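J.: whatever this is, show me its structure:
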Amino acid sequence: MLISNFFLISGVIILQFGILICDRDNYYATLNVPKDANINKIKKAYRNLAKTLHPDKNKNDPDASEKFKKLTTAYEVLSDKGKRAIYDKGGDPLKSGGQDMFHANDIFSSFFGGFFHQEEGTTQREFKGANVVIDLYATLEEIYNELFVEVVRFKPVYKPTSGTRKCNCRAEMVTKQLGPGRFQMNQVEICDDCPNVKIVNEEKLLEVEIEKGVADRYEYTFFGEGEPHIEGEPGDLIFKIRETKHKFFERRGDDLFCNITISLVNALLGFSMDIEHLDGHKVKVKRDTVTKPGDKMKIPREGMPNYDNNNKFGVLHITFDVVFPPKNHIFNDESEKTAIDKLFGSWHQAPITYNGLQAN
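T.: Here you go, the predicted structure:
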């Protein structure tokens, strides 16, 4: 009887423990990443999901705020090594009980700046601060492999201070009577009195994702992170990708182009070599036939990853150059001449004069 009761109690405990595990939020499933995902994959997953789940984009969904908070909670835990370790061991990494909407939006703004622009057809503020455009230089290696760049932004913002100021100024026509039947209309400036403000620089950490295959001059916009406007909304902060020149590859769309210089011996007898790609893997280049100066070779799927579909890759185009003996080299040794004549005698022909500009 005692043994049966013991197993009954043990079964209840195990069942309750299982229920607790099942009820526990699966942050990996929320972000749709595997358990061994690195920080860059976690950031990319959050960035892509946050753009579609933000409440500003789902105003008709009553659960939009809750879904967005759950997504941001998952990101906050899995992007922090300490919190992630506690979570993986079955502990509670957020003892405070989760986040409020303000905290979720604060994490979101580190990726995108302020909230999304108002939808078309809605009334926007008349005044807006200037946009700030910054060139963000990226190497082909960074564009090929993907990279997150942290940028510290000292953003000027208006804060209340003592006194008042003239605001909402506008031009109005005022009619003044000069005498019987005589009137004069003048344009005057009419202003309201508003609380005074001062400019304060606030430090903010922004994360810019250089995505795989992103094009040169592509723009990442952080809404509301530009210059402030005293009577309107701040402008936007725009990072413009500027692709730097590579020492080996040239990019044209998703394709890569490069030149390989080989010796005359390699051109005649063939060769095999490895070239290092942008992520460190080796690409084998092999020629078994004669290679003439200007010959080209195409290697599929060794170009750049496609921006819209990272599983697709462009083509690697290789043009071959052949190094001949220097101009001042003279074969005076009769044995050398005999060996060359014996080797190439079957292809020897007398010089031919022709007009190379005429079409055949």
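J.: so what are the domain limits for this structure?
T.: Listed by automatic domain parsing, the domain ranges of the chain are 18-112, 133-243, 250-328.
J.: so how far is the longest one from its chain's centroid?
T.: Relative to the mean C-alpha coordinate of its chain, domain 133-243 is positioned 23 Å out (CA atoms, centre = their mean, to the nearest Å).
J.: and for stretch 297-307?
T.: The answer for stretch 297-307 is 20 Å, by CA atoms, centre = their mean.
J.: kindly check the end-to-end length of that stretch for me.
T.: For stretch 297-307, the first-to-last residue distance is 24 Å (CA to CA, to the nearest Å).
J.: show the pLDDT at Thr122.
T.: According to the prediction, Thr122 has pLDDT 41.
J.: next: Asp100.
T.: Predicted confidence (pLDDT) for Asp100: 57.
J.: try Arg24
T.: Per the predicted model, pLDDT is 54 at Arg24.
J.: equivalent analysis for Thr289, please.
T.: So Thr289 comes in at 91 (pLDDT).
J.: ok, now which ones touch it?
T.: Gly270 (CB atoms under 8 Å, 6 or more residues apart in numbering). Any C-beta I mention is one placed from the backbone N, CA and C, and that applies to glycine too.
J.: now it, what's its secondary structure?
T.: For Thr289, the assignment made with DSSP: H, G, I helix; E, B strand; the rest coil gives coil.
J.: next, it: phi, psi?
T.: phi -110, psi 180 (degrees, to the nearest 10).
J.: neighbours around Phe148, how many?
T.: For Phe148, the neighbour count with other CB atoms under 10 Å is 15.
J.: I meant His54, not that one.
T.: 21.
J.: identify the spatial nearest neighbour of it, chain neighbours not counted.
T.: Phe68 (5.9 Å; CB to CB, 6 or more residues apart in numbering).
J.: state the phi and psi torsions of the one you found.
T.: According to degrees, to the nearest 10, Phe68 has phi -70, psi -40.
J.: surely it and Leu53 touch.
T.: Yes: counting by CB atoms under 8 Å, Phe68 does reach Leu53; the two are 5.2 Å apart.
J.: more neighbours: those two, which one.
T.: Phe68 (24 against 20).
J.: now that one: how far from Ile318?
T.: With distances taken as CB to CB, to the nearest Å, Phe68 is found 48 Å from Ile318.
J.: with Leu357 instead?
T.: From Leu357 to Ile318 the distance is 29 Å (CB to CB).
J.: and for Lys292?
T.: Counting by CB to CB, the gap from Lys292 to Ile318 is 14 Å.
J.: buried sites along stretch 264-282?
T.: Buried positions in stretch 264-282, judged by neighbour count with 16 or more other CB atoms under 10 Å: 266-267, 271, 275, 277-278.
J.: Val197: which of those residues is nearest?
T.: For these, the closest approach to Val197 (CB to CB) belongs to Leu278, at 48.9 Å.
J.: contacts only, for the closest residue to the closest one other than its chain neighbours.
T.: Nearest non-adjacent residue to Leu278, counting by CB to CB, 6+ apart: Tyr144, 3.9 Å away. Contacts for Tyr144 (CB under 8 Å, 6+ apart) come out as 212-213, 277-279, 304-305.
J.: and the strands in the protein?
T.: For the chain, the strands defined by DSSP state E cover 132-138, 147-179, 182-210, 219-222, 237-243, 250-252, 255-263, 271-276, 282-287, 296-299, 316-323.
J.: let's have those strands in JSON lines, adding distance to Val33.
T.: Below are the strands of the chain laid out as JSON lines (distance: least, CB to CB, whole Å):
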{"stretch": "strand 132-138", "distance to Val33": "24"}
{"stretch": "strand 147-179", "distance to Val33": "15"}
{"stretch": "strand 182-210", "distance to Val33": "15"}
{"stretch": "strand 219-222", "distance to Val33": "22"}
{"stretch": "strand 237-243", "distance to Val33": "25"}
{"stretch": "strand 250-252", "distance to Val33": "29"}
{"stretch": "strand 255-263", "distance to Val33": "29"}
{"stretch": "strand 271-276", "distance to Val33": "29"}
{"stretch": "strand 282-287", "distance to Val33": "29"}
{"stretch": "strand 296-299", "distance to Val33": "32"}
{"stretch": "strand 316-323", "distance to Val33": "30"}
